[in-house]
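S.K.: I would like the atomic coordinates for the input below:
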Amino acid sequence: MKISLEWLRDFLPTATDPHRLGDALTNGGLPVELFEKHGDDDVIDVEVTSNRSDCLSHQGVSRELSALLDQPMRLSASKPGESATRTDSATKVQIDALYLCPHYTARIIRNVKIGPSPAWMMRRLEAVGLRSINNVVDVTNYVMFEMGQPLHAFDFDKLKDHRIVVRRGAAGEKLMSLDGHAHVLDSSMLVIADAVQPVALAGIMGGQATEVTDRTVNILLESARFDPLVIRKTARALSMKSDSSYRFERGIDPTLPAAASLRAAELILQTAGGELLAGLVEAGATGYTPKKLTLRLSQLKRVLGIDVSPADAVASLRRLQFSPTSVGDNIEITVPHWRLDINQEIDLVEEVIRVLGYDRLTTRPEISIRLQPIDLQAKAVQKLRDTLISAGYFEAVTFSFVSDLLADDFKPVDATALPRAHPAVRKADGRLRPSILPGLLEAIQRNEYQGNEQVKLFEIGAAFWTDKAGAIQERRRVGLIGGMDLREIRGVVEEILTRLDSTKPVKIVPADGPGFAPGTTAQINWDGRFIGYLGLINPSTTAKLSIKTPPPAAELDVDELLRGFSPLPTLQPLAKFPGVHRDLSLIVSESVRYEQLDALIHRVRPEHLEESQYVTTYRGKPMEKGQKSVTIKLIFRSPQRTLTGNEVESAVKVITDAAGQELHATLRI
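M.R.: Modelled structure (predicted):
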């Protein structure tokens, strides 16, 4: 924000050296890097942080400099003359959305003469980057930059029924703003209306219908306070930014509207003449209750690491107008109404050291580090992430809101999606995601559009839904998508589970899963617990995004993975004797699943069988239709000696005999 030193001296007569003032503000947390000359005036550009809305005015910066430099500040009360006619006899104010506009004030000034502003006012406005319009409009801008309160002047005679209604916009209502743009409104926006139609976007910009022009005679002066969130959302939705919205978005001193209105009325009478009706019409209230906080001297030392005397702490807070009082080892303060950023004790610690100077803080040549126990959950998540990265997957971060196209495709069985967010929060794609996979699918789509068709992605994040009991569930999930085929993604899933705990059995059972193509999906069980699904994404889902080929994917419950994580690896001594490998090819009916063969092998488990592995499945001649050949690799080993061929063949025969009896399997020669 640009600050004119000529203007600043109205409040701080000693404000003469711009570089000294700039250093004081910079050291106090409001950086100044730009110094300009504007005629005989010096202008400094102050970088005001978003929490210091009280410094978005010359009065606010003067107050800050007064504390930092320990110099007196000069303020004078506005006392414009008023007529015998009361304001409430000429207009009415009604607030229909009190939580969006807690306080609205209006004054009436009659018989003004619209014309150019005096030279001193134009000079000061130009110094801070504003062009002069006319004396009444210039006064509203002048007071905003002087005191920090945005105001607006309406042509009173153009207001239908001569009254103000603060309300939400109606869907489809239109407003032509002062900048010449037409805007279509909706119910998420707050408007200032007369008895018939909107005449301004609250806190952002007025409308052309009630603009102050050369023909204006009577004006209604608005000074109000609006909810920061509704101003920010409306300004973004309509791509409108103004000096008013900039201030309202950051919060306004609740006691400022009435005082700023009086100051503006005084300046309008000086520059445009006219008759100020007595009093003001207001709706709502300031709602201001002084905040009281306690600062412990022990906390001051603990945080700052230096000794600060009670006298220095009290003096610092007094310079900031915090009305400090020492009570034993504590300091009781009352937060000034303009300091919206002061809410807790730590804020007071910062204020004390800002005034005393950050150069009081000392540095130590060494630091101490306290060892923390290993977070096993964090270790498990990192192992999960490392496994996926080593398998060629790239980590993605997608939105927690799901696309409307995919909102119901991946919803868990017996679950319902959470209700849509309010349109003011999110118009489109307004549901929280019930799965990680929709966001990853959209990422696959964007990569395909860019010519990258072999991308492999994963994401660890939260998914949300309502279970059949009506309770809202939030579960951490890991989703992975992409790769050559289902075997690859199954291998990655098995590798994840092996690295988390190699001793727990993994069982992958064919079962349909939400969002996956029927007949290609399997349910993943680990140590007897269901942890997720893997399979091909349903073609009907990928068709919505115009993805060329349904990719393989998997989604696992991270909390279940953490439950099963074993931080200590299981070690086995290296084998002293060689293993003997045999490939067993069994011809079985098409209806026999590999899971049945695997279960049979582990049940009969002949002597010295160490491991069995799936190799391949073959269909075709010379087998009959409805038959297939499943090849399994068997590994035999003895810890005491090298096995003979006869011993291995006898063990293989145990398996083939059992498979023949139970599954009608025959040995493929």
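
S.K.: Now do the helices in the stretch 1-150 of the chain.
M.R.: If DSSP state H, counting those that start in this stretch is used as the criterion, the helices of the stretch 1-150 of the chain fall at 5-8, 18-27, 58-69, 119-127, 135-147.

S.K.: Can you give the domain ranges for the protein?
M.R.: Following automatic domain parsing, the chain resolves into domains at 2-69, 87-284, 292-360, 376-564, 580-667.

S.K.: Which one of these lies nearest to Ser368?
M.R.: When the domains of the chain are compared by Cβ to Cβ, domain 292-360 sits nearest Ser368, at 12.5 Å. Where you see a C-beta, it was placed from the backbone N, CA and C, and this is true even at glycine.

S.K.: could you give me the average pLDDT of the closest one?
M.R.: Mean per-residue pLDDT for domain 292-360: 94.

S.K.: Also stretch 245-264?
M.R.: In the prediction, stretch 245-264 has an average pLDDT of 95.

S.K.: Let's see the distance spanning that stretch from one end to the other.
M.R.: 19 Å (Cα to Cα, to the nearest Å).

S.K.: hmm, back to that, among the domains of the chain, which comes closest to Arg370?
M.R.: Across these, closest to Arg370 is domain 292-360 (Cβ to Cβ), at 15.8 Å.

S.K.: out of the helices of the stretch 1-150 of the chain, nearest to Thr498?
M.R.: Closest to Thr498 of the helices of the stretch 1-150 of the chain, according to Cβ to Cβ: helix 18-27, at 57.4 Å.

S.K.: Taking helix 58-69 as reference, get the angle to that closest one.
M.R.: For helix 18-27 against helix 58-69, the angle by axes from the mean of the first three to the mean of the last three Cα atoms, to 10 degrees is 80 degrees.

S.K.: Please identify the buried residues of helix 18-27?
M.R.: By 16 or more other Cβ atoms under 10 Å, the buried positions in helix 18-27 come out as 18, 21-22, 24-25.

S.K.: Counting neighbours, which bits of the biggest helix by length in the chain end up buried?
M.R.: Using DSSP state H, we find that the single longest helix of the chain is helix 645-663. For helix 645-663, the buried set under the neighbour-count rule, 16+ other Cβ under 10 Å, comprises 647-648, 651-652, 655, 658-659, 663.

S.K.: Out of the residues you listed, flag the one nearest to Asp512.
M.R.: Proximity of the buried residues of helix 645-663 to Asp512 (Cβ to Cβ) peaks at Leu663, which lies at 24.6 Å.

S.K.: what are the bridge partners for the nearest residue to Val128 once chain neighbours are set aside, then?
M.R.: The shortest distance from Val128 to any residue other than its chain neighbours is 4.3 Å, reached at Lys2 (Cβ to Cβ, 6 or more residues apart in numbering). Beta-bridge partners recorded for Lys2 (DSSP bridges): Asp45.

S.K.: picking up where we left off before, redo the buried residues of helix 18-27 as CSV? Include distance to Ala378.
M.R.: Formatted as CSV, these follow (distance: Cβ to Cβ, whole Å):
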residue, distance to Ala378
Pro18, 51
Leu21, 48
Gly22, 45
Ala24, 45
Leu25, 42
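
S.K.: Quickly name whichever of the residues you listed is closest to Ala119.
M.R.: Closest to Ala119, out of all of those and judged by Cβ to Cβ, is Pro18, at 22.5 Å.

S.K.: Nearest residue to that closest one in space, please, no chain neighbours.
M.R.: Pro18 sits nearest to Asp42 (Cβ to Cβ, 6+ apart), 4.3 Å away.

S.K.: about what we covered before: minimum distance to Gln473: which of the helices of the stretch 1-150 of the chain has it?
M.R.: With Cβ to Cβ, the closest approach to Gln473 among the helices of the stretch 1-150 of the chain belongs to helix 58-69: 47.4 Å.

S.K.: So for the closest one, mean pLDDT?
M.R.: Per-residue scores along helix 58-69 average to 96.

S.K.: Which neighbouring elements make contact with it?
M.R.: strand 2-4, helix 5-8, helix 18-27, helix 135-147, helix 345-356 (3 or more Cβ pairs under 8 Å, 6 or more residues apart in numbering; DSSP states H and E).

S.K.: what residues does it touch?
M.R.: 1, 3-4, 7-8, 10-12, 14-15, 21, 24-25, 27-28, 30, 46, 54-55, 71-73, 75, 145-148, 319-321, 338, 354-355 (Cβ atoms under 8 Å, 6 or more residues apart in numbering).

S.K.: Try it again at 6 Å.
M.R.: Applying Cβ atoms under 6 Å, 6 or more residues apart in numbering, the contact partners of helix 58-69 are 3, 7-8, 11-12, 24, 28, 54-55, 73, 146-148, 319-320, 355.

S.K.: again with stretch 227-247
M.R.: Residues outside stretch 227-247 that contact it (Cβ under 6 Å, 6+ apart): 56, 100, 150, 183, 189-190, 203-205, 248-249, 251, 424.

S.K.: can you check stretch 84-94 too?
M.R.: By Cβ under 6 Å, 6+ apart, stretch 84-94 touches 104, 106, 108, 162-165, 277-281, 283.
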